[in-house]
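Peer 1: Structure of the sequence below:
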Amino acid sequence: MSWSLSAQECAAAIEGRLEIIGGGGLTDVGLEGVGTDTRADLNGRVFIALVGDAHDAHNYLAQAIEKNARALIVHRDLTADERTAIELSALKSGHGVAVIRVPDTLKALQDLARHWRHKCRALFFGITGTNGKTSTKEFAAAMIGSKLKVQWSKGSFNNHWGVPLSILSVEPSHDIAVIEMGMNHPGELKLLSKIVDADVVVCTMVGRGHLEGVGSIEGAALAKAEIYEFAPLGATFIFNLDNPHTLQMRSRFLSGDDGAKRRSLSFSEQSGDVSLKVTRMTADALEVSGQIRGVEGSAVIPVLGSHNVTNLMAASALALAAGLTAKEVWAALPLCRSAWGRNQWVKLGSGARCLFDGYNANPESMGAALENTRLLEGFGSKRAILGEMRELGDHALALHEELGRSARESGLNDVLFFGPSAKAFARGFGVAAGGAQLHASETLDLESVRAFRSRLGASDYVLIKGSRGMSLEKALHELSPLDFAEKK
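Peer 2: Numbering: from 1, shown residues only. Just a heads-up that it's a prediction; the model follows:
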């Protein structure tokens, strides 16, 4: 059970108008958990009728009642048919159905999450960053989960509705809640910070992501800094000392009397409470060594990519903040795993191995993927299917031309690029040494993917990477994957 509230407490928390329909004159009902999808289990839950770009959940109120939802949060009046459906459901079940009317169901979701957060005994950890926040969240949950009961944001539930739903999934028995917090415009992390009210916060790094919404990397840094700026007074701050923008945040937020009194941790490849370096990288693991709170050690971790050392250090600092000892953190590091679509190895029917990284793409993460490709040994030809880096605004053409140059220099033998910036990518790629092949198209061209598949050898390596909106798993499916499942 995620949580248990009375309908009256729920209505008070979201400042809604409560009506109990049916139930023989009862003035309240008990609620257990929330739901926003009529395809999921709604038995005993409150169904929140959210309105998105493509769907209005108010159109599915009758289905929610059929799935035994115990309450509805709505921002319009019920129709006669909906009221009749509720009355019939109440008659069959023997209990009333609560209807809570609010001006805005999204705000109600956020207010309910804020209310539930302060009923939880768990410590809440907030994570943001241009790159690495999802991996850091997964790594931290695995490490902290070796000693404590942890709940964490699933997938990329990191926006104005995903964060509240993540909070509402925290159970009374959890010790730690690890919440991923994303943004694509200024002010978003301010809103999310006031909902999460985190006990520990970290920004993994600042790079050139979401430039369309923030204008520049300096704008991105200001927006990311909101996770510290709007954290509660008693929160512990964790800082990355290797990124110039997060290093500047440390100077900003630890200066003055209030900053000097604040609890903080830091990580860096050179210094800090956690300091790790990659000593060896293979296709299947990273070997790292260094010190954690002065305790030296090393670990072999089954994740790919030297860039992950930043995420492993951030997760280790979070584990320290959760109360794990340095020795316990060292012991837990090998438990870290990559999430779906994040440096995920997939076997192909040809015998080749594919690294699928289709959940996020910006100049820094693309650069890291191409550098890892250059460093990988033991493969025949190295090939790539790359997709558009979205939300770059006026910077898109220049940054895709830069990406084309990086792809050419990474030693790839065969490259497909899909996205609106295809011409800029091709211009940057130019004529590669060794006769490397390039096909660039503004849309996802599956016929070219099938031709790409025909060129694959049994010992080849394939990188697939692009923004989530490019749906590059469609390209992966054309390569005859043997061990790949769609994200649920």
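Peer 1: check contacts around the closest residue to L335 other than its chain neighbours.
Peer 2: Using Cβ to Cβ, 6 or more residues apart in numbering and skipping residues adjacent in sequence, the residue nearest L335 is A142, 4.4 Å away. C-beta coordinates here come from the backbone N, C-alpha and C atoms, glycine included. Listed by Cβ atoms under 8 Å, 6 or more residues apart in numbering, the contact set of A142 reads A332, L335, C336, R337.
Peer 1: a markdown table for the residues you listed, including pLDDT?
Peer 2: Formatted as a markdown table, the contacts of A142 follow (pLDDT from 0 to 100):
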| residue | pLDDT |
| --- | --- |
| A332 | 98 |
| L335 | 97 |
| C336 | 97 |
| R337 | 91 |
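Peer 1: Tell me, how many residues neighbour K92?
Peer 2: K92: 10 surrounding residues under other Cβ atoms under 10 Å.
Peer 1: please begin residue numbering at 5 from this point
Peer 2: Renumbered: residue one is now 5, and that last one reads K96.
Peer 1: Look up how far E86 lies from it.
Peer 2: 16 Å (Cβ to Cβ, to the nearest Å).
Peer 1: Next: L95.
Peer 2: L95 is 15 Å from E86, by Cβ to Cβ.
Peer 1: between these two, which one's more packed in?
Peer 2: E86 (19 against 11).
Peer 1: May I ask which helix or strand encompasses the more buried one?
Peer 2: helix 84-97 (DSSP states H and E).
Peer 1: which parts of that helix are buried?
Peer 2: Neighbour-count burial for helix 84-97 flags E86, R87, A89, I90, S93, A94 (criterion: 16 or more other Cβ atoms under 10 Å).
Peer 1: Closest to the centroid, which residue in this protein?
Peer 2: By Cα atoms, centre = their mean, the mean C-alpha position of the chain lies nearest to S160, the distance being 3.1 Å.
Peer 1: That one should be in a strand, yeah?
Peer 2: No. Counting by DSSP: H, G, I helix; E, B strand; the rest coil, S160 is not part of a strand but coil.
Peer 1: so for stretch 254-274, what's the average pLDDT?
Peer 2: What stretch 254-274 shows for mean pLDDT is 92.
Peer 1: start to end distance for it?
Peer 2: End-to-end distance for stretch 254-274: 16 Å, by Cα to Cα, to the nearest Å.
Peer 1: cool, stretch 452-469 as well?
Peer 2: This stretch, stretch 452-469, spans 16 Å end to end (Cα to Cα).
Peer 1: Name the surrounding residues that touch that stretch.
Peer 2: By Cβ under 8 Å, 6+ apart, the list of residues contacting stretch 452-469 from outside reads 287, 352, 354-362, 365, 369-370, 373-374, 377, 380, 383-391, 416, 418, 420, 441, 443, 445, 476, 479-480, 482-484.
Peer 1: which ones among those are found in helices?
Peer 2: Of these, the ones assigned to helices by DSSP state H are S369, M370, A373, L374, T377, A479, L480.
Peer 1: Mind telling me the two of the buried residues of helix 84-97 farthest from one another?
Peer 2: By the measure Cβ to Cβ, E86 and A94 form the most distant pair in these, at 12.7 Å.
Peer 1: got the contact list for I389?
Peer 2: V419, L420, F422, V453, F456, V466, L467, I468, K469, G470, L476, A479.
Peer 1: Same question for S272.
Peer 2: N244, L245, D246, V278, S279, M317.
Peer 1: give me that answer again for 6 Å
Peer 2: Going by Cβ atoms under 6 Å, 6 or more residues apart in numbering, S272 touches L245, D246, S279.
Peer 1: any idea how far it lies from F243?
Peer 2: 9 Å.
Peer 1: now swap in I25 and tell me
Peer 2: Using Cβ to Cβ, one gets 52 Å for the distance from I25 to F243.
Peer 1: Of those two, which one has the most company?
Peer 2: F243 (27 against 18).
Peer 1: how about the closest residue to that one other than its chain neighbours, secondary structure?
Peer 2: The shortest distance from F243 to any non-neighbouring residue, by Cβ to Cβ, 6+ apart, is to R254 (4.1 Å). R254 carries the three-state label helix when classified by three-state DSSP.
Peer 1: Show residues contacting stretch 301-308.
Peer 2: Against stretch 301-308 from outside (Cβ under 6 Å, 6+ apart): A289, L290, E291, V292, S293, W334, L337, P338, C340, S342, N347.
Peer 1: Try it again at 7 Å.
Peer 2: Applying Cβ atoms under 7 Å, 6 or more residues apart in numbering, the external contacts of stretch 301-308 come out as 287-293, 316, 334, 337-338, 340-342, 347, 359, 376.
Peer 1: now do stretch 371-385
Peer 2: 285, 287, 308-311, 361, 386, 410-411, 414-418, 461, 463-465, 467, 469.
Peer 1: okay, now G27: neighbour count?
Peer 2: 17.
Peer 1: now do L237
Peer 2: Neighbours around L237, by other Cβ under 10 Å: 7.
Peer 1: Quick check: chain neighbours aside, which residue is closest to it?
Peer 2: Closest residue to L237 apart from its sequence neighbours, by Cβ to Cβ, 6+ apart: D262 at 7.7 Å.
Peer 1: what's the helix or strand for that neighbour?
Peer 2: helix 260-265.
Peer 1: Contacts only, for the residue lying closest to G130 once chain neighbours are set aside.
Peer 2: With sequence-adjacent residues excluded and distances taken as Cβ to Cβ, 6+ apart, G130 is closest to A202, at 3.5 Å. A202 makes contacts with F128, F129, G130, A235, A239, as judged by Cβ under 7 Å, 6+ apart.
Peer 1: can you check L172 too?
Peer 2: S6, W7, V38, L116, A117, W120 are the contacts of L172 under Cβ under 7 Å, 6+ apart.
Peer 1: Check the second one and give its pLDDT.
Peer 2: Looking at W7, its pLDDT is 75.
Peer 1: I'd like to know how many residues surround it.
Peer 2: The number of residues packed near W7 is 21, by other Cβ under 10 Å.
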